[in-house]
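Asker: below: sequence and its predicted model.
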Amino acid sequence: MAKIILFDIDGTLIKSSNAHFVSFSKALKKVYGVKGDIYEVNPHGMTDKQIIIEILKKKSIRKEIIDLRIKECLEEMIKYFLIDIKKEDIFLLPGTESFLKYLRERNFLLGIATGNLEEIAQEKLKKKDIDHYFKFGAFGSDEIKRTNIIKRAIERAKEESEGKNKKDIFHIGDTPEDIFAGKENGISVIGMASGKYKEKDLKEAGADFVFKDFFEAREKFKMINNC
(Lines give C-alpha, C1' and ligand atoms only; values in the text may rest on other atoms or scores of the structure.)
Protein backbone atom coordinates (compact mmCIF):
# COMPACT_ATOMS: atom_id res chain seq x y z
CA MET A 1 0.00 0.00 0.00
CA ALA A 2 1.28 3.47 -0.90
CA LYS A 3 0.61 6.59 1.13
CA ILE A 4 -2.77 7.61 2.52
CA ILE A 5 -4.50 10.86 1.59
CA LEU A 6 -7.42 12.38 3.50
CA PHE A 7 -9.61 14.84 1.60
CA ASP A 8 -11.79 17.68 2.77
CA ILE A 9 -14.90 18.09 0.57
CA ASP A 10 -16.22 21.66 0.24
CA GLY A 11 -13.80 23.95 -1.56
CA THR A 12 -11.41 21.03 -2.05
CA LEU A 13 -13.22 18.35 -4.08
CA ILE A 14 -16.38 20.27 -4.97
CA LYS A 15 -17.65 23.80 -5.14
CA SER A 16 -20.03 24.74 -2.37
CA SER A 17 -23.59 23.41 -2.32
CA ASN A 18 -26.49 25.84 -2.02
CA ALA A 19 -28.71 23.00 -0.80
CA HIS A 20 -26.32 22.55 2.12
CA PHE A 21 -26.39 26.27 2.95
CA VAL A 22 -30.18 26.41 2.82
CA SER A 23 -30.53 23.32 5.02
CA PHE A 24 -29.01 25.30 7.91
CA SER A 25 -31.59 28.08 7.59
CA LYS A 26 -34.53 25.70 7.25
CA ALA A 27 -33.50 23.58 10.23
CA LEU A 28 -32.81 26.58 12.45
CA LYS A 29 -36.24 27.99 11.67
CA LYS A 30 -38.08 24.71 12.29
CA VAL A 31 -36.29 23.60 15.45
CA TYR A 32 -35.31 26.85 17.18
CA GLY A 33 -37.74 29.27 15.56
CA VAL A 34 -35.00 31.68 14.46
CA LYS A 35 -33.95 33.07 11.10
CA GLY A 36 -30.33 32.20 10.52
CA ASP A 37 -27.79 32.24 7.71
CA ILE A 38 -24.39 30.54 7.70
CA TYR A 39 -22.71 33.79 6.70
CA GLU A 40 -23.68 35.34 10.01
CA VAL A 41 -20.51 33.51 11.10
CA ASN A 42 -17.35 32.59 9.19
CA PRO A 43 -18.22 29.02 8.19
CA HIS A 44 -14.98 28.27 6.33
CA GLY A 45 -13.25 25.38 8.06
CA MET A 46 -16.00 24.96 10.67
CA THR A 47 -17.98 21.78 11.19
CA ASP A 48 -21.74 21.72 10.57
CA LYS A 49 -22.46 21.43 14.27
CA GLN A 50 -20.11 24.30 15.09
CA ILE A 51 -21.86 26.52 12.56
CA ILE A 52 -25.27 25.81 14.07
CA ILE A 53 -24.04 26.52 17.59
CA GLU A 54 -22.26 29.75 16.65
CA ILE A 55 -25.32 31.09 14.81
CA LEU A 56 -27.55 30.30 17.79
CA LYS A 57 -25.13 32.03 20.17
CA LYS A 58 -25.45 35.16 18.03
CA LYS A 59 -29.22 34.85 18.42
CA SER A 60 -28.76 34.74 22.22
CA ILE A 61 -30.22 31.25 22.49
CA ARG A 62 -29.27 29.77 25.85
CA LYS A 63 -26.75 26.93 25.90
CA GLU A 64 -29.14 24.51 27.58
CA ILE A 65 -31.71 25.11 24.82
CA ILE A 66 -29.05 24.67 22.14
CA ASP A 67 -27.86 21.42 23.70
CA LEU A 68 -31.39 20.11 24.20
CA ARG A 69 -32.38 20.35 20.54
CA ILE A 70 -29.10 20.24 18.59
CA LYS A 71 -29.51 16.57 17.62
CA GLU A 72 -32.98 17.28 16.26
CA CYS A 73 -31.66 20.30 14.36
CA LEU A 74 -28.92 18.27 12.69
CA GLU A 75 -31.43 15.57 11.74
CA GLU A 76 -33.68 18.20 10.14
CA MET A 77 -30.70 19.62 8.24
CA ILE A 78 -30.06 16.22 6.72
CA LYS A 79 -33.72 15.78 5.75
CA TYR A 80 -33.87 19.16 4.01
CA PHE A 81 -30.55 18.63 2.27
CA LEU A 82 -31.45 15.19 0.90
CA ILE A 83 -34.59 16.67 -0.66
CA ASP A 84 -33.02 19.82 -2.09
CA ILE A 85 -29.81 18.25 -3.43
CA LYS A 86 -31.90 16.32 -5.97
CA LYS A 87 -32.70 19.63 -7.69
CA GLU A 88 -29.20 21.10 -7.53
CA ASP A 89 -26.18 20.78 -9.80
CA ILE A 90 -22.90 20.74 -7.89
CA PHE A 91 -19.53 20.88 -9.57
CA LEU A 92 -16.19 19.21 -9.06
CA LEU A 93 -13.24 21.56 -8.80
CA PRO A 94 -10.74 21.50 -11.70
CA GLY A 95 -8.80 18.25 -12.05
CA THR A 96 -10.51 16.50 -9.14
CA GLU A 97 -11.55 13.24 -10.75
CA SER A 98 -8.41 12.83 -12.86
CA PHE A 99 -6.33 13.25 -9.69
CA LEU A 100 -8.41 10.70 -7.80
CA LYS A 101 -8.00 8.23 -10.66
CA TYR A 102 -4.27 8.91 -10.72
CA LEU A 103 -3.97 8.14 -7.01
CA ARG A 104 -6.07 5.00 -7.17
CA GLU A 105 -4.04 3.65 -10.08
CA ARG A 106 -0.98 3.95 -7.82
CA ASN A 107 -2.69 2.14 -4.92
CA PHE A 108 -3.08 5.14 -2.65
CA LEU A 109 -5.64 4.69 0.10
CA LEU A 110 -8.09 7.60 -0.02
CA GLY A 111 -10.32 8.80 2.79
CA ILE A 112 -12.58 11.70 3.70
CA ALA A 113 -12.07 14.11 6.61
CA THR A 114 -14.80 16.75 6.59
CA GLY A 115 -16.90 18.87 8.90
CA ASN A 116 -20.00 17.88 6.92
CA LEU A 117 -22.47 15.57 8.60
CA GLU A 118 -21.87 12.08 7.21
CA GLU A 119 -25.16 11.75 5.30
CA ILE A 120 -24.59 15.14 3.66
CA ALA A 121 -20.98 14.35 2.79
CA GLN A 122 -21.82 10.97 1.30
CA GLU A 123 -24.66 12.37 -0.79
CA LYS A 124 -22.39 15.05 -2.28
CA LEU A 125 -19.84 12.42 -3.26
CA LYS A 126 -22.54 10.17 -4.74
CA LYS A 127 -24.04 13.10 -6.65
CA LYS A 128 -20.75 13.50 -8.53
CA ASP A 129 -20.06 9.73 -8.65
CA ILE A 130 -16.77 9.96 -6.78
CA ASP A 131 -17.83 8.15 -3.60
CA HIS A 132 -16.25 4.88 -4.83
CA TYR A 133 -12.75 6.37 -4.59
CA PHE A 134 -12.93 6.63 -0.79
CA LYS A 135 -12.57 3.63 1.50
CA PHE A 136 -13.29 5.33 4.84
CA GLY A 137 -13.99 8.69 6.40
CA ALA A 138 -14.49 10.86 9.47
CA PHE A 139 -17.23 13.47 9.57
CA GLY A 140 -18.88 16.29 11.47
CA SER A 141 -21.23 13.63 12.82
CA ASP A 142 -18.28 12.03 14.62
CA GLU A 143 -16.70 15.08 16.25
CA ILE A 144 -17.42 18.79 16.61
CA LYS A 145 -13.81 19.96 16.29
CA ARG A 146 -11.92 19.57 13.02
CA THR A 147 -8.76 18.52 14.86
CA ASN A 148 -10.66 15.59 16.35
CA ILE A 149 -12.16 14.70 12.97
CA ILE A 150 -8.65 14.41 11.54
CA LYS A 151 -7.62 12.33 14.54
CA ARG A 152 -10.56 9.99 13.95
CA ALA A 153 -9.73 9.76 10.24
CA ILE A 154 -6.12 8.86 11.06
CA GLU A 155 -7.31 6.08 13.37
CA ARG A 156 -9.53 4.69 10.63
CA ALA A 157 -6.75 5.02 8.07
CA LYS A 158 -4.51 2.90 10.27
CA GLU A 159 -7.23 0.27 10.60
CA GLU A 160 -7.68 0.16 6.82
CA SER A 161 -3.94 -0.02 6.13
CA GLU A 162 -2.87 -2.33 8.96
CA GLY A 163 -1.05 0.31 10.96
CA LYS A 164 0.46 2.84 8.57
CA ASN A 165 2.69 5.44 10.24
CA LYS A 166 1.67 9.09 10.37
CA LYS A 167 4.53 9.96 8.04
CA ASP A 168 2.61 8.15 5.30
CA ILE A 169 -0.62 10.14 5.84
CA PHE A 170 -1.51 13.47 4.21
CA HIS A 171 -4.52 15.74 4.53
CA ILE A 172 -5.71 17.95 1.68
CA GLY A 173 -7.87 20.99 2.47
CA ASP A 174 -8.60 24.54 1.39
CA THR A 175 -8.70 26.48 4.69
CA PRO A 176 -6.19 27.38 7.40
CA GLU A 177 -8.31 25.29 9.79
CA ASP A 178 -7.60 22.22 7.64
CA ILE A 179 -3.90 22.99 7.85
CA PHE A 180 -3.93 23.57 11.62
CA ALA A 181 -5.92 20.37 12.25
CA GLY A 182 -3.54 18.26 10.19
CA LYS A 183 -0.47 19.76 11.82
CA GLU A 184 -1.90 19.30 15.32
CA ASN A 185 -2.24 15.62 14.48
CA GLY A 186 1.35 15.35 13.27
CA ILE A 187 0.67 14.66 9.58
CA SER A 188 1.69 16.48 6.40
CA VAL A 189 -0.84 18.85 4.88
CA ILE A 190 -1.47 19.98 1.31
CA GLY A 191 -3.31 23.27 0.86
CA MET A 192 -5.59 23.80 -2.13
CA ALA A 193 -5.76 27.50 -3.01
CA SER A 194 -9.01 26.93 -4.86
CA GLY A 195 -11.40 29.03 -2.81
CA LYS A 196 -11.49 31.88 -0.31
CA TYR A 197 -7.93 31.33 0.92
CA LYS A 198 -4.95 31.95 -1.31
CA GLU A 199 -1.52 30.36 -1.48
CA LYS A 200 -0.04 32.91 0.95
CA ASP A 201 -2.75 32.23 3.57
CA LEU A 202 -2.24 28.47 3.43
CA LYS A 203 1.54 28.67 3.53
CA GLU A 204 1.37 30.98 6.54
CA ALA A 205 -0.92 28.43 8.22
CA GLY A 206 1.84 25.84 7.82
CA ALA A 207 0.94 23.84 4.69
CA ASP A 208 3.76 21.61 3.46
CA PHE A 209 2.64 22.14 -0.15
CA VAL A 210 0.10 24.46 -1.76
CA PHE A 211 -1.47 23.95 -5.19
CA LYS A 212 -3.98 26.04 -7.10
CA ASP A 213 -5.84 22.96 -8.34
CA PHE A 214 -5.49 19.22 -8.81
CA PHE A 215 -3.96 19.60 -12.25
CA GLU A 216 -1.00 21.31 -10.63
CA ALA A 217 -0.99 18.76 -7.81
CA ARG A 218 -0.72 15.93 -10.30
CA GLU A 219 2.11 17.64 -12.22
CA LYS A 220 4.13 18.03 -9.03
CA PHE A 221 3.04 14.80 -7.42
CA LYS A 222 6.54 13.36 -7.11
CA MET A 223 7.27 15.97 -4.46
CA ILE A 224 4.38 14.65 -2.40
CA ASN A 225 5.10 10.99 -2.96
CA ASN A 226 8.78 11.26 -2.08
CA CYS A 227 8.63 13.60 0.89
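Answerer: On my side now, so go ahead. Numbering: from 1, shown residues only.
Asker: list the buried ones in stretch 74-91?
Answerer: For stretch 74-91, the neighbour count (16 or more other CB atoms under 10 Å) marks 74, 76-78, 80-81, 84-85, 90 as buried. (Glycine included, C-beta is placed from N, CA and C.)
Asker: kindly apply the preceding question to stretch 134-143 instead.
Answerer: 134, 136-143.
Asker: closest to residue 173 among those?
Answerer: For those, the closest approach to residue 173 (CB to CB) belongs to residue 138, at 12.9 Å.
Asker: was I right about that closest one contacting residue 152?
Answerer: Yes: here residue 138 reaches residue 152: they are 3.9 Å apart, a contact under CB atoms under 8 Å.
Asker: please, where are all the helices along the chain?
Answerer: 18-32, 48-58, 63-84, 96-105, 118-127, 146-160, 176-184, 199-204, 214-219, 221-226 (DSSP state H).
Asker: lowest-confidence stretch among those?
Answerer: Among those, helix 221-226 has the lowest mean pLDDT, at a mean of 67.
Asker: geometric centre of the protein: which residue is closest?
Answerer: residue 114 (2.6 Å; CA atoms, centre = their mean).
Asker: what's near enough to touch the closest residue to it other than its chain neighbours?
Answerer: The shortest distance from residue 114 to any non-neighbouring residue, by CB to CB, 6 or more residues apart in numbering, is to residue 9 (4.5 Å). If a contact means CB atoms under 8 Å, 6 or more residues apart in numbering, then residue 9 has 112, 114, 116, 121, 124-125 as its contacts.
Asker: drop anything exposed from the residues you listed.
Answerer: Buried, going by 16+ other CB under 10 Å: 112, 114, 116, 121, 124-125, out of the contacts of residue 9.
Asker: tell me how the chain divides into domains.
Answerer: With domains defined by automatic domain parsing, the chain comprises 4-15+91-226, 18-87.
Asker: can you say which of those domains is packed in most?
Answerer: domain 4-15+91-226 (a mean of 19; mean count of other CB atoms under 10 Å).
Asker: mind checking pLDDT for the nearest residue to residue 104 once chain neighbours are set aside?
Answerer: Nearest-residue entry for residue 104: residue 133, 6.0 Å, with adjacent residues in sequence omitted and distances by CB to CB, 6+ apart. Reported pLDDT at residue 133 in the predicted model: 98.
Asker: same check on the one 10 residues further on?
Answerer: Note for residue 143: predicted pLDDT of 95.
Asker: dump the residue contacts of it.
Answerer: Counted by CB under 8 Å, 6+ apart, residue 143 has contacts 47, 149, 151-152.
Asker: wait, which of those is closest to residue 18?
Answerer: residue 47 (19.1 Å).
Asker: next step: the buried residues of stretch 134-143 restricted to strands.
Answerer: Among those, the ones falling in strands (DSSP state E) are 136-138.
Asker: ok, of those residues, which one's closest to residue 164?
Answerer: Looking across those and measuring by CB to CB, the closest to residue 164 is residue 136, at 12.2 Å.
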